[in-house]
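Trainee: Give me a model of this one.
(chains A and B)
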Amino acid sequence: MTALSSDEKNLLRAGGHKATLYLSVLKPQSVFTAQVNMASPARGARSIVYDNDSGENSVLPGMTMWIGTSPGACDVGKVRVRAINTGTNTITVSENSLVWANDQYLTVKRNWELWPVYPRFDASGNFYKDFDVPYTDENEQLRPVAIMGPPRAGFDNGTETTFVFDNSAGYALRGANIISRSWDVIGPGIYSWTAGGSTQTLSISGSERFTDAHWVTLTVTDSNGKTQTTRRPVFCHERTGSNAPITAFTLESLTGDWERGGWTARLRVYSGATTSDFPDGTLVVLWHEAIYGNTPVLIGGNHPYAKNILFVGYVRGETVRQDWNTGDVTFEATTIDGLLRRTLMFSVPLKMVLGTQDQWYEFTGPTVAEAVHHYLRWHSTLFDIADVYLPTANTLRVETIEDFAKGDLYSQADNFARNHGIFAHVCCNKLGQVYVAEDAQMLNATRRDALPVVSDITAADRRGEIIILHQPEPRVGMVHLSGFAYPRTPIISKAPGDVPLDIGAQVLHYERQILASQAQANELAGRVLAAANNPYPEVRIQFAGHYLGALDIVPQEWWTLSLEAGDTPRGIVWTNKRLVCRNVSAIYDPAAGSILVDAVFEPEVVSQDGVDGDYPANPPDDNNITPPAPPVTPPQPPAASGRLAAFDHNLGHLNQTLAGTWETRNNGAVTITDNWGGFDPHWPITQNSTDIEDTILWRVQTGKIYRSTDCGRNWSQVTGMGDPPNAWDDSPAPTFANCDVVMGTPNNYRAGEWYFLVRWQNSTSNWRGWILKCTRNGEGWMWQPLGGVPYQKIDQYYYATAISDMNWDYPATWWDWNPPCPEADHYGWSDLDKIVDGDDDTYGAFWRTRAFASWRGVGWRVHFGASFKRVNGYIEVQVKYMLDGASPGYWASEPRMWADNDPYGRTYGTDWYSQSNQPDTWYVSTVSLTRYDISEWIGMDIRGYLGHTRARIAYIRIHETYFDAPAGSYGDSHPIWMDADSANGDYLYVTLWEDGVLYVKKFTTADLAIVNSVSLGAATINDITGGVYAAYPRVQEFDPNVVYVHGRLPGGYHLLRSTNAGASFSPVANEFDNASTLGFFIVGHDGILWAVENTGGTPKLWKDAGSGFVLQPAVPLSGNVRPDNMTIIPNTPILAMASDTTVIRSEDGGQTWTDQSYPSGGDIRSLLFIA
Amino acid sequence: MPVYDYEIGTTSTTTNIELLSPPLPPPRSVFIEYTREYDKADGQVGGDGYPMAIWTFDLLTTAQLAKLRTYCSGRSAAVYIRTRNANEEFVKYSAIMVWPSDLMKKRVAGKYLDVQIEFRRLVAV
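Mentor: The predicted model follows:
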């Protein structure tokens, strides 16, 4: 659009506007037919051999090919033609997943559509576009951009139809120039071109000119010799008869919106709406003739030679209506941005390379325009069928781009350019021309002044009322903006300054911006803040007549509006206030031939520059950044020293000497009643030694944990853990001194981190248990109570009981509700039987907002009458709501939750914000609150978007979560054993008895949070303490998914295995005696299973090397082998085993054993080969 | 000789309706210059849309009605008319002739009373 002339303004303001609308629809004709001639074509084949063909010389690259099971059908699919070889009868098509079959029917249409073009890595790591296009110089010599204008339609003069094209448009990038333009046309008819100044005029004659659209082709060549071809259909029509455009339709709505990025039209067609008349997805052109007063003229339009075009879009959906008598079809069509949104595209990173660029992803210093060009040019066919205007005026460069993240074609480009670029938004005008346009509000004063002014808006231009939204209170209190000036100068800025605005609860963060300098960043931060807090965010104007040609959402241009103090009740005074159009909607009365237009404008804001941001006092230095520690290679189990050590409940710690005797090492240990002991797998690194006498050992007893750094010769007590939390409210409370430390296990991946099982009996013999976590060898401690049910599970939905503190931020907003609730105890619908049976779709409205305006909302507190804690890190909350909008696109959303007890902070716990929420549909949104517990109430709000909307809320409820448990409600707990995973050190597996059930539970090592719990069956505490049942977890080395539980379990099981990281367990086949207990079990990283069956007499040793457990020769041992009383030197046949009192050793994989002369009187709890 | 200049035809060559066979009586006509009106912000009344004319025949015979029907065999048809405009001048227009849908209510003793024919989207030719 350019500025309206005074004559045009006079015509517009004089009234008497008349318009007639016409509709042209692309019905692509077939140019080629054939059948697949391949015995068994592969799925997704790209080279298709054909026969029975006709018209192969008419096939051009980019055309659409239909594949069907009958002639002319498309029931198998569509693909893009890439090439045809008429010699070999082979047609090459784009990547696809079609199920090809011999004799399928092929039909190539004279049609060029929007297609995605995927990147591909082959098995050798070579990177291609469009399957097999290698990189040559595409990121150095960018293809030019051909600009042709929109598709056209017009009336014939009886002998020919003429269309004028601009022969000076288009542009090249990176300093190149357009040096030539070549025009052509494809279709039925006789063509002639007439050059005139900067135009090319196409005349189409011949009797067949009305039978199909004509595809005008423009190829531009730049000074690098690079070319780009683009095509548009043009339609020739007679005024009456079968070649006339469609007039039997009504335009139900025509709306363009800056935020939505394009235009949408709803067309109701009364006849001629068959699928051949309106093919699915086809292109439609809405065009018109206009008379202003008595002057036939077209005013406005974004293309000088296509002013009659009102809308170019693609059919996206339809509503077919048929009653007993008549029928019609309502089509929804969108501009091409809608097609971009429907297509998946993979991530497209671009990185700077110094030197030769020889990969598609190497691109040295692209501007946003160049990066978006790369993205859209090589990943779609957009440039082949539409004008694309890139922000070439902005020459800021960027080093690396990671923000073309996987998504759809539109959002990827928009997200980068708008959120992490230069505030450039992808938006389509009503002619279907795509603009990547920097937000006018973000431009500096010079560039804003350079935008043309279309017209002033006087009272003569307006009908009805003018609505000015006034938002005196800022909503954003602070803006943080950061990014880089090319190539890598970091810049941080903030606005308004060091102190936020006194009003405005939100903080906006804009990161990874492409910046020029600190000063420019400061200016930009100020503009972001000003735009976000625009005191007049919207001016809604109803225009007096057909101003549709003059109004569009891109390119952004100014309109001006002046108001005097008496014009509005609030005395707003504006003098030539500049406004930018953000929304346009039009209606058409076909009987009267009138078009009326409404528009929403955003007034220009004035800003104060921000200030330098908070730079770190010591800027990060890439050279001195300590890289994250590489994954720790788990230390091997004990090296083949062959030295045995034991931890004994009666004798304390003993080392085996070279002479085969046993040396007691208890110096420094006040007590020697060891329950368990082991070595620190990190000791060679910690001690910087491989001398076995430097081994770090740990031992645990009742109320004590000891550590030695000299292989047990001297011990020091590890302290600082304090007493365990009295989660059961026992009196007297537990003290660590009275607790049994049952066992411990190190973290193979984090040095100094150990986990201990602790248990205790209170004065009434109730068992209590904890996990005790130690970090940095005792500098840090964490307790986690075990057992029982820490929180009372509701096991049903828990509904809000009250609401309060309703607030709204717009006077017109108010709130009502209609108690009483159907169920007296609850606010909100509470039809519990429907909840149980899942049929919960019949809710009535309970809470209802009314008519809050755009960007306004209402907030409230929801009370539940009880506190709730996160269990496993979250609480689930559900809201069921319906958004009542005036029309599609006018919706309300964002039922959001505030941070608990901070209604004014508005730090939202979550958003349910979704633009896909349509009016008049019940939505149930579920969110897992992870940031806070619920203390009686939560804060929520809901807001409107675009227009007057309202929202209904059926319920707010907490879903299957847990009450905070009153003190003392923990159940009894008797922890038994524990193992840490050796694949990554992130989880612990604990077996324990709780209130009559034996469990294996999985916890995170980071915060000891429970991950899952699996019941192993019912058991009494006496079953556990009496040895009837036992359960010990054992994790397969270096495999995070395989976990075993061994022992003697309810149901007669001895060994269970989980292959899903402890989520579920299944029995492992064996021949163990039912009365036995599997006292020891280990599975090495070689996958060999070793098991010791405690029979009460001589234990049995079993080995499973992959084909099932095989009983090994008899073990010369009497008594039971405890879960830590067998040890193996990995990758050797050396084993050792102990009963309470005897140690034996085998050098041949358990075939023969020798007694190790262990001292008498022992009660061995752990036996190990010291590393 | 015809008294008035009301004319009709399927092409721009139109015939005075008083000279048709059978001849039609001259109608009472209304000319609506703007078919959509609205209040403008400056207090004026804006008017858009094509002009419209309505011919009202106080009485038509079956034969006269059938004659009119020859110009509009469907619900509507493109025709040319000469009618009196807002300045009391007779001007020729192209128009869309809309056949009335309530004729049966107007039928009395084989005659049709108060027949209104609407011509919309008038464009002077």
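
Trainee: show me where chain B has strands.
Mentor: With DSSP state E, the ranges of strands along chain B come out as B:7-9, B:15-16, B:28-32, B:36-39, B:45-48, B:52-61, B:76-84, B:90-98, B:107-108, B:111-124.

Trainee: Go through those and name the closest to residue A:663.
Mentor: strand B:36-39 (106.7 Å; C-beta to C-beta). (Each C-beta comes from the backbone N, C-alpha and C, glycine too.)

Trainee: Around chain A, pick out the residues from chain B.
Mentor: B:34-36, B:38-44, B:46-50, B:78, B:120-121, B:123-124 (C-beta under 8 Å from any C-beta of the partner chain).

Trainee: Need the buried ones from those residues selected in PyMOL.
Mentor: The buried residues among the residues of chain B next to chain A can be selected in PyMOL (16 or more other C-beta atoms under 10 Å in any protein chain shown) with this line:
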select buried, chain B and resi 34+35+36+38+40+41+46+47+48+49+50+120+121+123
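
Trainee: Can I get the strands of chain B in TSV including mean pLDDT and distance to residue A:1122?
Mentor: Formatted as TSV, the strands of chain B follow (pLDDT from 0 to 100; distance: least, C-beta to C-beta, whole Å):
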stretch	mean pLDDT	distance to residue A:1122
strand B:7-9	97	114
strand B:15-16	97	120
strand B:28-32	94	105
strand B:36-39	86	94
strand B:45-48	88	97
strand B:52-61	94	104
strand B:76-84	96	100
strand B:90-98	96	101
strand B:107-108	88	111
strand B:111-124	93	101
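
Trainee: of all these, which lies closest to residue A:783?
Mentor: Of those, nearest to residue A:783 by C-beta to C-beta is strand B:36-39, at 76.0 Å.

Trainee: who does the closest one touch, helix- and strand-wise?
Mentor: strand A:462-469, strand A:594-603, strand B:45-48 (3 or more C-beta pairs under 8 Å, 6 or more residues apart in numbering or on different chains; DSSP states H and E).

Trainee: Just name the most buried of the ones you listed.
Mentor: Ranked by mean neighbour count, the helices and strands packed on strand B:36-39 are led by strand A:594-603 with a mean of 23 (mean count of other C-beta atoms under 10 Å in any protein chain shown).

Trainee: next helix or strand past it?
Mentor: Tracing the chain past strand A:594-603, the next element assigned as helix or strand by DSSP states H and E is strand A:611-612.

Trainee: name the helices or strands packed onto that next one?
Mentor: strand A:489-495, helix A:518-532.

Trainee: Compare those and give me the one nearest residue A:1001.
Mentor: Per C-beta to C-beta, nearest to residue A:1001 of those: strand A:489-495, 45.9 Å.

Trainee: Given that closest one, what are its sheet partners and their directions?
Mentor: strand A:476-485 (antiparallel), strand A:611-612 (antiparallel) (DSSP bridges).

Trainee: so which of the ones you listed is the most packed in?
Mentor: Comparing the strands paired with strand A:489-495 by mean count of other C-beta under 10 Å gives strand A:476-485 as most buried, with a mean of 21.

Trainee: Excluding sequence neighbours, find me the nearest residue to residue 55.
Mentor: Went with chain A since none was named. Excluding its sequence neighbours, the residue lying closest to residue A:55 (C-beta to C-beta, 6 or more residues apart in numbering or on different chains) is residue A:32, at 4.1 Å.

Trainee: You answered for a different chain; I wanted chain B.
Mentor: Nearest to residue B:55 is residue B:27, by C-beta to C-beta, 6+ apart, at 3.7 Å.

Trainee: before we move on, what about residue A:607?
Mentor: residue A:530 (3.5 Å).

Trainee: Pull up the gap between the one you found and residue A:282, please.
Mentor: 44 Å (C-beta to C-beta, to the nearest Å).

Trainee: So those two - more neighbours on which side?
Mentor: residue A:530 (22 against 19; other C-beta atoms under 10 Å in any protein chain shown).

Trainee: thought the more buried one was touching residue A:602?
Mentor: No: counting by C-beta atoms under 8 Å, residue A:530 stays clear of residue A:602, with 11.9 Å between them.

Trainee: Quickly list what's touching both of those two.
Mentor: Shared contacts of residue A:530 and residue A:602, defined by C-beta atoms under 8 Å, 6 or more residues apart in numbering or on different chains, comprise residue A:441.

Trainee: tell me how far whichever strand or helix holds residue A:514 is from the chain's mean position?
Mentor: In the assignment (DSSP H and E), residue A:514 maps to strand A:506-515. With C-alpha atoms, centre = their mean, to the nearest Å as the basis, strand A:506-515 stands 19 Å off its chain's centre.

Trainee: In its sheet, which strands sit next to it, and in what direction?
Mentor: Assessed with DSSP bridges, strand A:506-515 is paired to strand A:476-485 (parallel).

Trainee: and the spatially closest residue to residue A:162 that is not a sequence neighbour, how many neighbours does it have?
Mentor: Leaving aside its sequence neighbours, residue A:162 sits nearest to residue A:203 (C-beta to C-beta, 6+ apart; 4.9 Å). Close neighbours of residue A:203, defined as other C-beta under 10 Å, add up to 17.

Trainee: List the contacts of residue A:203.
Mentor: A:160, A:161, A:162, A:191, A:192, A:193, A:194 are the contacts of residue A:203 under C-beta under 8 Å, 6+ apart.

Trainee: okay, now the closest residue to chain B within the stretch 551-700 of chain A: neighbour count?
Mentor: Closest residue of the stretch 551-700 of chain A to chain B, C-beta to the nearest C-beta: residue A:592 (3.4 Å). Neighbour count for residue A:592, taken as other C-beta under 10 Å: 22.

Trainee: Could you name the specific helix or strand carrying it?
Mentor: Counting by DSSP H and E, residue A:592 is part of no helix or strand.

Trainee: and residue A:549, that's in a helix?
Mentor: Yes: counting by DSSP: H, G, I helix; E, B strand; the rest coil, residue A:549 is found in a helix.

Trainee: burial measure for it, as a count.
Mentor: 26.

Trainee: so how far is residue A:463 from it?
Mentor: 17 Å.

Trainee: my read: residue A:270 touches residue A:328, true?
Mentor: Yes: if you go by C-beta under 8 Å, residue A:270 and residue A:328 touch, sitting 4.9 Å apart.

Trainee: Tell me which of these two has more neighbours.
Mentor: residue A:328 (17 against 14).

Trainee: From residue A:155, how far out is the nearest residue to residue A:160 once chain neighbours are set aside?
Mentor: Leaving aside its sequence neighbours, residue A:160 sits nearest to residue A:205 (C-beta to C-beta, 6+ apart; 4.0 Å). According to C-beta to C-beta, residue A:205 stands 14 Å off from residue A:155.

Trainee: Return every residue with contacts to both of these two.
Mentor: Common neighbours of residue A:205 and residue A:155, counting by C-beta under 8 Å, 6+ apart, are residue A:161.

Trainee: quick check, residue A:339 in a helix?
Mentor: Yes: under three-state DSSP, residue A:339 falls within a helix.

Trainee: What residues does it make contact with?
Mentor: A:114, A:314.

Trainee: Next, count neighbours for the residue in the stretch 1051-1171 of chain A positioned nearest to chain B.
Mentor: Proximity of the stretch 1051-1171 of chain A to chain B (C-beta to the nearest C-beta) peaks at residue A:1063, 68.2 Å away. If you count neighbours by other C-beta under 10 Å, residue A:1063 ends up with 13.

Trainee: For my notes, confirm it occurs in a strand.
Mentor: No: counting by three-state DSSP, residue A:1063 falls outside a strand, being coil.

Trainee: residues in contact with it?
Mentor: A:1012, A:1014.

Trainee: Give me the distance between it and residue A:678.
Mentor: Residue A:1063 is 28 Å from residue A:678, by C-beta to C-beta.

Trainee: quick one on the thing from earlier: among the contacts of residue A:203, who's most crowded?
Mentor: Of the contacts of residue A:203, with other C-beta under 10 Å as the count, residue A:161 tops at 24 neighbours.

Trainee: All set now, cheers.
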